[in-house]
Structure formats: structure tokens, C-alpha cells
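K.L.:
just a sequence and a predicted model for now, questions to come.
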Amino acid sequence: MNGRHVEQPLDGVSLADDIRRWGMELGFDALGFAGIDLPEAEAGLEAWLRAGFHGDMDYMVRHGSKRTRPADLVPGTISVISARMNYWPEAGQGQAEAVLADKGRGYVARYALGRDYHKVLRARLQKLADRIADAVGPFGHRVFVDSAPVMEVALAQKAGIGWRGKHTLLLHREAGSYFFLGEIYVDLALPVDEPIGEHCGRCSRCIDACPTGAIIGPYKLDARRCISYLTIELQGSIPEALRSQMGSRIYGCDDCQLVCPWNRFARHTGEADFDIRNGLDGSRLADLFAWTEAEFRERMAGSPILRIGHERWLRNIAVALGNAPRSTEVIQALQARREDPSPLVREHVAWALAQHAVRTD
């Protein structure tokens, strides 16, 4: 952590109020303050890793205690500023459900329809840190947006800006779950907020709605079965047993959120950077599958989708085409890539064509 503790006494309560106000002025929808002790989260993470639920995400193991002990990751950390920013597009629930119902269109998780949230939130959080420095002088800090071993949901819960739902995502009674999280680790002693109680009750809609059964119980996610993991994190072949369950979802999945009653209160984003780009809110699978690598890079520039690369993009779409209703458009799109240079793409195209060979629809 670069910086130093300020020498003059700080009025932590007054500073926290200022930080909250500055954050709202920068476009965040809520801010809270947490301490750095996460014993329950650490025990839960260790059990999750022992069970192998992290799949190929070996970095989860390599980071060790840095994920659950902020001061190990950034020495000098005393407090954590947790912030959330809404991303739910204006079209909302009905449009998302309509795309899922049309198996000829690719479904992209709603958070990924606009500009890369990492860049948007990181820039805003850095502006907030600069504003704090203007007020108190140089101080130690580091900004995070899903970019390092940080227990963002656990910290946000401790900071009082939501509770962990049974699908493991953060929820809030007045905002649902369609928001991003970001953090600033600081060497300032700030008053911590009170966590809020959970309000899921006996509801299990998210568990029941998961297409692949990845939510194996309340607050328990087997990432190896999660469509977000399969389409984004997994480097190689998607397990055949799960392909037919993925439907038309080509980047991430929102099913557990779409059925959550609290998302009736989700607020639409006012952030222009999260406006829909390239028609990704419901493009035809055959059209997306025809993109060359150059077209993919050009159209996905500035999008979080860019990081999976063209090969995995085609892999995901091939699976979706295999699940789509049989049509001349679908078969021709798949046949056009039967001899694709990538063995990974060829494998998934062959599977998709085999699906149609035995289908009667």
C-alpha cells in the first residue's frame, strides 16, 4: 500500500459521511464501510475449495489467505470502503425473458451488454480515492473491481449494503441484485456499518431455476456446473452432460436473478457506459457465429466479453446452436465452421450437428 497515515487526528464519522456523499456524486448507488476480520468467510472459502467447487480456477487456491485477510493482500489496510453501482438496462425483465424464450437468439448476461464494468468502476473508485486524498492528505489505499483476491460479497455484507442470497450473490431489499461491487482498501480508521439481516426466508426460487443445478443448496454454488463458469472461466471443452442444459446462454447466465422476488425492486441504471452495445441484448446466433476474429475484436472492444477471446466465443455459440430449433440457417451456420482451425470449435460444432441429426423438431 503506497501512502502513509495522516498525522492529524481524523474525525472518522464526518469523513465517512463525506465519502458516502462523494461516492453518490460519482454515480454509485450505495457505499458502506467494513472492518477486515472475515473468519466466517475464510472458513466457508476453505470448505468450498476442499470440495473442489472452484473447478479450473486454480488462482483461488494460489492466493491463500490474501482473499480473506485484506491486510495480507495490502499491508496497512484497516478499513474497506465497499460500493455498488446498478447495471440493469431499461428494457429489463420482459426483454431478458423474451430472448431466453427465443432459442435462435443468443443470451448474454445483462451485466455484459455495455462497457467493461471493471474499467468504469475502477475509474470512479480512483476518483473517490483522489477526493479523499484532497480532504485528508496522502493515505494508503488500493482500488479493486473483481480484479484481485477480494471477498467482495462478504465485505459488502459487513458494510451493510446487502445480504448474501441463497444464490451467493448480494441482495438488497430496495435494489435487488443487478449491480456491480467495488472496493477501496484504506489505511484510515473509518467507522464500520452494521450488517443487515437476510430476507430470503424460505424462498428457494433461485435454487430451483438454475438450468444446470449449480446451486446445490442454500448459499452453496458448485462453480463447475455454473453456466457463467462454463462460458467465461472454463478454458477447454464444456462437459457434454451440461451442454444441452445451457440453452441459448452464450455468455453468463441470469436465471437465478430473473426469478428472485427482490429483483422486482431492481433499479435501472443511469450510467451511459452500461447502455447496450452491438445489439447483444438479442442477436441471432447464426449472425454472431459468422463473426471473424477481427470482427469479434472490433465489436467487443471495451466489452468484458473480449477477455474470453474469439475461440471460446465460438465454442459457446456452437453449443447454443446445437440447442436451437433445427433450421436451414442453423445447419448452414454450423457447417460453415466444421473445418474451423480450432480443435475446440470443431469439437463443439460436431456435437451440435450430431444433436440436430437426431432431432425431429
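P.N.:
Arrived safely, thanks for sending. Residues are numbered from 1 along each chain as shown.
K.L.:
skipping its backbone neighbours, what lies nearest residue 112 in space?
P.N.:
Nearest residue to residue 112 in three dimensions, chain neighbours excluded: residue 304, at 5.0 Å (CB to CB, 6 or more residues apart in numbering). In short, each C-beta sits where N, CA and C put it, glycine included.
K.L.:
pretty sure the one you found contacts residue 118?
P.N.:
Yes: with contact defined as CB atoms under 8 Å, residue 304 counts as touching residue 118 (6.9 Å).
K.L.:
the two - which one has more neighbours?
P.N.:
residue 304 (22 against 16; other CB atoms under 10 Å).
K.L.:
may I see the buried residues of the helix or strand harbouring residue 241?
P.N.:
If you go by DSSP states H and E, residue 241 is part of helix 240-243. Neighbour-count burial for helix 240-243, counted by 16 or more other CB atoms under 10 Å, picks out 242, 243.
K.L.:
which residue packs closest to residue 211, ignoring adjacent ones?
P.N.:
With CB to CB, 6+ apart, the residue lying closest to residue 211 is residue 245, at 5.0 Å.
K.L.:
ok, that neighbour to residue 253 distance?
P.N.:
From residue 245 across to residue 253, the span is 11 Å (CB to CB, to the nearest Å).
K.L.:
just residue 303 next, same as before
P.N.:
17 Å.
K.L.:
try residue 122
P.N.:
25 Å.
K.L.:
show me which of the two is the more surrounded one.
P.N.:
residue 253 (27 against 17).
K.L.:
residues contacting the more buried one?
P.N.:
Listed by CB atoms under 8 Å, 6 or more residues apart in numbering, the contact set of residue 253 reads 107, 109, 211, 226, 227, 228, 231.
K.L.:
check whether the first one really touches residue 258, as I assumed.
P.N.:
No: when contacts are counted by CB under 8 Å, residue 107 is not listed as touching residue 258 (10.5 Å).
K.L.:
identify the contacts common to those two.
P.N.:
Common neighbours of residue 107 and residue 258 (CB under 8 Å, 6+ apart) are residue 96.
K.L.:
ok so, going back, the helix holding residue 241: what's the following helix or strand?
P.N.:
Helix 240-243 is succeeded, C-terminally, by strand 249-251 (DSSP H and E).
K.L.:
can you list contacts of that following strand?
P.N.:
Outside strand 249-251, the residues that touch it by CB under 8 Å, 6+ apart are 100, 106-109, 112, 211, 227, 231-232, 285, 288, 305, 308, 313, 316-317, 319-320.
K.L.:
quick one: mean pLDDT for that strand?
P.N.:
In this model, strand 249-251 has a mean pLDDT of 98.
K.L.:
next SSE downstream of it?
P.N.:
Once the chain leaves strand 249-251, the next helix or strand it forms, by DSSP H and E, is helix 255-258.
K.L.:
for that following helix, which helices and strands make contact with it?
P.N.:
helix 92-101, helix 205-209 (3 or more CB pairs under 8 Å, 6 or more residues apart in numbering; DSSP states H and E).
K.L.:
how far does the last one sit from the chain's center?
P.N.:
Mean C-alpha position of helix 205-209 versus that of the full chain (CA atoms, centre = their mean, to the nearest Å) differs by 18 Å.
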